[in-house]
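Visitor: The following block contains a protein sequence and its predicted model.
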Amino acid sequence: MHQLLSLMHSSSHCVFLSGAGISTLSGIPDFRGSKGIYKQFDADKIFDIHYFRKDPAYFYTHGREFIYNLEEKEPNIIHRMLAKLEDEGMVKSIITQNIDMLHQKAGSRRVIEIHGSPAQHTCLHCGKKFPYELISPIVHSHQVVPKCDRCGGLVKPDIVFFGEMLDQNSFSQAISESSQADLMVVIGSSLVVHPAASLPLNAIKHGCRLVIVNNMPTPLDEYAYLRYTDLEEVFRYLEKEIH
Ligand SMILES: [Zn+2]
């Protein structure tokens, strides 16, 4: 692991790419993964924009169990160390597939959320914005499906659903970061969901070194300069070495 640390010390633009695997230590299941504990609902359906428009209660009812309880979740050693590494100037930015807002809660400032976030919600009819703090109590009350107080329209979290366009601003930032990076460290992502999978490839094309830390094989393992499987072990090591 000292190899990773010396790469980080010698790099001038280190970017991390994080996936669901880093938040399981915070008690957030990898609900997009096929082995997630939320087998009782269909993750493809819950995040499908067409289904959401038809039956929003399906999303909000199940969302109570893993999105509208995020205020109770705490960042773990991985989130905390990444915030520290950014403070130390060793990490320029974090591109994340996660929608749990834990990087920000840990103090990271430059976070690019390529799958959006429930921090904001938007009325699909008039575009009015609503913060998470306002929506979460409504979802937990008997009312379940929040409606816009201006037009009565359907309110949706700013998470990128299947069938929706990516947020172009976030995605172009992610492309720009991956193009500038001389070191990209992928953590807790199996790199199968696009666009996340295309970012390391773009980085490599621009001469970047790739490090992958994931407990499962990824399609990009053959391109990895270093490869680790135990996330917690890697971050315990970094915690010990960086004061
Ligand atoms: Zn509205």
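Guide: That came in fine, so what should we check first?
Visitor: Now do the helices in the chain.
Guide: 2-10, 43-46, 49-54, 56-63, 77-87, 102-106, 132-140, 168-180, 198-205, 231-241 (DSSP state H).
Visitor: can you list the residues of this protein near the ion?
Guide: 123, 125-126, 128, 148, 150-151, 153 (Cβ under 5 Å from the ion). In this view, the C-beta of every residue, glycine as well, is placed from N, C-alpha and C.
Visitor: Tell me the buried residues in the helix or strand of the chain with the lowest mean pLDDT?
Guide: Ranked by mean pLDDT, DSSP states H and E, the weakest helix or strand in the chain is helix 43-46, scoring a mean of 82. Neighbour counts using 16 or more other Cβ atoms under 10 Å place 43, 46 of helix 43-46 among the buried residues.
Visitor: picking that back up, out of the residues of the chain next to the ion, which is most surrounded?
Guide: Neighbour counts for the residues of the chain next to the ion, by other Cβ atoms under 10 Å, peak at Cys123, which reaches 20 neighbours.
Visitor: Tell me where the longest strand sits in the chain.
Guide: The longest strand of the chain (DSSP state E) is strand 116-123.
Visitor: strands paired with that strand, and their directions?
Guide: strand 129-131 (antiparallel), strand 155-159 (antiparallel) (DSSP bridges).
Visitor: chain center to the last one: distance?
Guide: Here the centre of strand 155-159 is set off from its chain's centre by 15 Å, with Cα atoms, centre = their mean, to the nearest Å.
Visitor: what's the answer for the shortest one, then?
Guide: A distance of 20 Å separates the centroid of the chain from that of strand 129-131, by Cα atoms, centre = their mean.
Visitor: How about stretch 72-79?
Guide: Using Cα atoms, centre = their mean, the offset of stretch 72-79 from its chain centre is 13 Å.
Visitor: Please apply the same query to stretch 146-154.
Guide: Distance, centroid of stretch 146-154 to centroid of chain: 28 Å (Cα atoms, centre = their mean).
Visitor: which residues sit against it?
Guide: Stretch 146-154 is contacted by residues 53, 56, 60, 121, 123-126, 128, 130, 135, 138-139, 145, 155 when judged by Cβ atoms under 8 Å, 6 or more residues apart in numbering.
Visitor: gap between Arg80 and Ala174?
Guide: With the distance defined as Cβ to Cβ, to the nearest Å, Arg80 ends up 23 Å from Ala174.
Visitor: and the two? which has more neighbours close in?
Guide: Taking neighbours as other Cβ under 10 Å, Arg80 and Ala174 compare with Ala174 leading, 25 against 18.
Visitor: From what I see, the more buried one and Leu199 are in contact.
Guide: Yes - with contact defined as Cβ atoms under 8 Å, Ala174 counts as touching Leu199 (5.8 Å).
Visitor: follow-up on the earlier one: what comes up buried for the longest strand of the chain?
Guide: Buried, per 16+ other Cβ under 10 Å, within strand 116-123: 116-119, 121-123.
Visitor: hang on, the earlier thing: rank the helices of the chain by pLDDT, which is bottom?
Guide: Mean pLDDT values for the helices of the chain show the minimum at helix 43-46, a mean of 82.
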